[in-house]
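Peer 1: sequence unknown, structure follows:
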């Protein structure tokens, strides 16, 4: 589903990604781990199409299409979802308004009919129940006054509502206690399927106990330097990233 | 309310006005539906000078809506209207305007000059007057809907959303004059500037000597879109009574790139995102409009913002 070939990217004039190669097939969950500054979030932003991130070489093929040629909203409408590490606040805009507009934009792009308020509410309530979220969230402004854990749950809730084909989860575990982590992980696992692929970015292998990956990759200094199965994550937990300091 | 010699445009209006409306609500009558008028400047090269007078007798209530529009023309046209509101004891007048006069083209040619004098007096005790306006049109706007709080315990309110894009200029605000005791006023002004638009909030809060326990709360927020527009605030506060409480808050912000990206990553286009964010910014004021007007106003904001992004 996703093929990243020799991807180089620069931010503020500094080259962060130095030739990333990665292939993810439908139905797979890949994990990316790595030290701070290795380029994990940069990779997420480049895939999502954020401005300010300049791709200097390489290509990304998503579902047979040139992903880098698509605008951010086009990628979203094509089924690419990013669960942000630091979700931003949008004052005055209720979650329900925001999400219903987004869901209908994506549905329209897929040629499906828009959800009216009633159908939307029904669907939203069902998903919120699964994530043990209070219905009141729908009336609150997007992420305003949400705790760290609530923001992360809100990201997974949006993912459940938008039903993406490819989801990137950027440090979805940061700031979560064990209980919140389990709920978020359950939410993510519920979305795994043969038609869907995920890229989980994390520092700690703890999350990977709950969201068990098919492949684990180590990103260091802008390149993937090692790949393996789930065991690789445990190895990293034990030994740290020191061996990769000189690798790239 | 507005004496002939009040200001140049009021004098002009007094000299030439021929159209307008007069509304009188009898004692104790609560007008069961919104009254609405709709102004359109049709003929080219004409000025329009309406005069509106609303008198609400003791214990009555009326909600009045005013919509304005004009077709595109290459020359400027003048709209110099006068609106006078009088509220007696325990009466309430709510006056809402959605103004969409032709604002001129993208180069600033043509457009309506909107120089309006609007004034209300809370003559009786416990009376209330509230002005709500959504200004998206006209090339130049000078407009300061005001309330004179003469009656004890009277309340004045001003809620405004003003949008200036391309080369529009808006200089708008309110005057709240506190004369009676225990009077209260609330001012919430939301200014959005895009393109080369220039917007100014110009407000006066005056607490006279006899206005014991007067309270005012003023909040002016500016939102700037792009780097060629301007938002300015000129608040005047004159207090002659030491038992008054006057609060003033102001914020200036621009639409955050992070917010835009978050919306786009969820499938919204740039324009849909800006529209959503701007509506969130104006929510407090939009909520004061009667429902049908609010829906229309939201759509109007969205349309007026098209092309303003970037």
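Peer 2: Nice, thanks for sending it over. Quantities reported herein were computed from a predicted structural model and do not represent experimental measurements. Residues are numbered from 1 along each chain as shown, chains lettered A, B, ... in the order given.

Peer 1: Any idea which residue of chain B lies closest to chain A?
Peer 2: Of all residues in chain B, residue B:280 sits closest to chain A, at 2.8 Å by CB to the nearest CB. C-beta here means a position set from N, CA and C on the backbone, and glycine is covered the same way.

Peer 1: Just give the nearest non-adjacent residue to that residue, would you?
Peer 2: Excluding the flanking residues, the one nearest residue B:280 by CB to CB, 6 or more residues apart in numbering or on different chains is residue A:92, at 2.8 Å.

Peer 1: now do residue B:120
Peer 2: For residue B:120, the spatially nearest residue (CB to CB, 6+ apart) is residue B:85, at 3.6 Å.

Peer 1: And the one you found, which helix or strand is it part of?
Peer 2: Following DSSP states H and E, one finds residue B:85 within strand B:82-87.

Peer 1: Which neighbours in the sheet does whichever helix or strand comes after that strand have, and how are they oriented?
Peer 2: Going down the chain from strand B:82-87, the next helix or strand is strand B:92-100, by DSSP H and E. Strand pairing for strand B:92-100, determined by DSSP bridges: strand B:61-69 (parallel), strand B:128-135 (parallel).

Peer 1: which residues does residue 20 bridge with?
Peer 2: No chain in the question, so chain A it is. Applying DSSP bridges to residue A:20 gives these bridge partners: residue A:7.

Peer 1: hm, I was asking about chain B
Peer 2: Beta-bridge partners recorded for residue B:20 (DSSP bridges): residue B:51.

Peer 1: and what of the one 4 residues further on?
Peer 2: Counting by DSSP bridges, residue B:24 forms beta bridges with residue B:55.

Peer 1: Contact partners for it?
Peer 2: Applying CB atoms under 8 Å, 6 or more residues apart in numbering or on different chains to residue B:24 gives the contacts B:54-55, B:57.

Peer 1: repeat for residue B:206
Peer 2: B:175-178, B:236, B:238-239.

Peer 1: where's whichever residue of chain A sits closest to chain B, which helix or strand?
Peer 2: Residue nearest to chain B within chain A: residue A:92 (2.8 Å; CB to the nearest CB). Element membership for residue A:92, per DSSP H and E: strand A:90-94.

Peer 1: Kindly report the same for residue B:13.
Peer 2: Residue B:13 belongs to helix B:8-16 when assigned by DSSP H and E.

Peer 1: Name the surrounding residues that touch that helix.
Peer 2: With CB under 8 Å, 6+ apart, helix B:8-16 has contacts from B:2-5, B:47, B:49, B:51, B:80-82, B:115-117, B:142.

Peer 1: Next step: the residues you listed restricted to strands.
Peer 2: If you go by DSSP state E, the contacts of helix B:8-16 have B:51, B:82, B:115-117, B:142 in strands.

Peer 1: Any chance of the residues you listed in a markdown table with distance to residue B:25 as columns?
Peer 2: Shown next, in a markdown table, are the ones in strands among the contacts of helix B:8-16 (distance: CB to CB, whole Å):
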| residue | distance to residue B:25 |
| --- | --- |
| B:51 | 18 |
| B:82 | 20 |
| B:115 | 28 |
| B:116 | 23 |
| B:117 | 22 |
| B:142 | 29 |
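
Peer 1: Which single one of those is nearest to residue A:138?
Peer 2: Of all those, residue B:116 has the smallest distance to residue A:138: 40.3 Å, by CB to CB.

Peer 1: So the closest one is in contact with residue B:138, correct?
Peer 2: No. In this structure, residue B:116 is not within contact of residue B:138 by CB atoms under 8 Å, at 9.7 Å.

Peer 1: Any figure for the gap between residue B:280 and residue A:140?
Peer 2: Here the distance between residue B:280 and residue A:140 works out to 12 Å (CB to CB, to the nearest Å).

Peer 1: Who has more neighbours out of these two?
Peer 2: Comparing residue B:280 with residue A:140 by other CB atoms under 10 Å in any protein chain shown, the one with more neighbours is residue B:280, at 21 against 17.

Peer 1: Next, the angle from the helix or strand harbouring that one to strand A:90-94.
Peer 2: Secondary structure from DSSP H and E places residue B:280 in helix B:270-286. If you take axes from the mean of the first three to the mean of the last three CA atoms, to 10 degrees, helix B:270-286 sits at 80 degrees to strand A:90-94.

Peer 1: and helix B:270-286, what does it pack onto?
Peer 2: Under the contact definition 3 or more CB pairs under 8 Å, 6 or more residues apart in numbering or on different chains; DSSP states H and E, helix B:270-286 sits against strand A:90-94, helix A:95-109, strand B:128-135, strand B:155-164, strand B:184-193, strand B:215-224, helix B:257-265, helix B:291-305.

Peer 1: quick one: it to helix B:291-305, angle?
Peer 2: 140 degrees.

Peer 1: what are the bridge partners for the nearest residue to residue A:244 once chain neighbours are set aside, then?
Peer 2: In this structure, residue A:244 finds its nearest non-sequential neighbour in residue A:220, 4.0 Å apart by CB to CB, 6+ apart. Residue A:220 has these beta-bridge partners by DSSP bridges: residue A:223.

Peer 1: Neighbours of residue A:220, how many?
Peer 2: The burial count for residue A:220: 21, using other CB under 10 Å.

Peer 1: And residue A:144, by the same measure?
Peer 2: For residue A:144, the count of nearby residues is 14 (other CB under 10 Å).

Peer 1: is it true that it touches residue A:89?
Peer 2: Yes. Using CB under 8 Å, residue A:144 is in contact with residue A:89, at 4.7 Å.

Peer 1: residues in contact with residue B:92?
Peer 2: Shown in contact with residue B:92 (CB under 8 Å, 6+ apart): B:56, B:60-62, B:127-130.

Peer 1: swap that for residue A:181, please
Peer 2: Contact analysis of residue A:181 by CB under 8 Å, 6+ apart lists A:173, A:206-207, A:210.

Peer 1: Who are the contact partners of residue A:152?
Peer 2: A:83, A:87, A:172-176, A:180, A:184.

Peer 1: which of those residues count as buried?
Peer 2: Of the members of the contacts of residue A:152, the ones counted as buried by neighbours, 16 or more other CB atoms under 10 Å in any protein chain shown, are A:83, A:87, A:172-173, A:176, A:180, A:184.

Peer 1: Please list which of these also come close to chain B.
Peer 2: residue A:87 (CB under 8 Å from any CB of the partner chain).

Peer 1: okay, residue 39: pLDDT?
Peer 2: Answering for chain A, as no chain was given. If you check residue A:39, the pLDDT there is 88.

Peer 1: Chain B is the one I meant
Peer 2: 73.

Peer 1: same thing with the one 3 residues further on?
Peer 2: Confidence per residue is given as pLDDT, and for residue B:42 that number is 68.

Peer 1: Next: residue B:71.
Peer 2: Residue B:71 carries a pLDDT score of 65 in this model.

Peer 1: Compute the number of surrounding residues for residue A:193.
Peer 2: By other CB under 10 Å, 11 other residues sit near residue A:193.

Peer 1: ok, back up a step: derive a PyMOL selection command for the buried subset of the contacts of residue B:206.
Peer 2: The PyMOL selection below is limited to those of the contacts of residue B:206 classed as buried (16+ other CB under 10 Å):
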select buried, chain B and resi 175+176+177+178+239
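
Peer 1: any chance of the contacts of residue B:206 in a markdown table, plus pLDDT and secondary structure?
Peer 2: Below are the contacts of residue B:206 laid out as a markdown table (pLDDT from 0 to 100; DSSP: H, G, I helix; E, B strand; the rest coil):
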| residue | pLDDT | secondary structure |
| --- | --- | --- |
| B:175 | 96 | strand |
| B:176 | 97 | strand |
| B:177 | 97 | strand |
| B:178 | 97 | strand |
| B:236 | 95 | strand |
| B:238 | 96 | strand |
| B:239 | 96 | strand |
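
Peer 1: count of neighbours near residue 148?
Peer 2: Assuming you mean chain A. Residues near residue A:148, counting by other CB under 10 Å: 14.

Peer 1: try chain B instead
Peer 2: Per other CB under 10 Å, the neighbour tally for residue B:148 reads 24.
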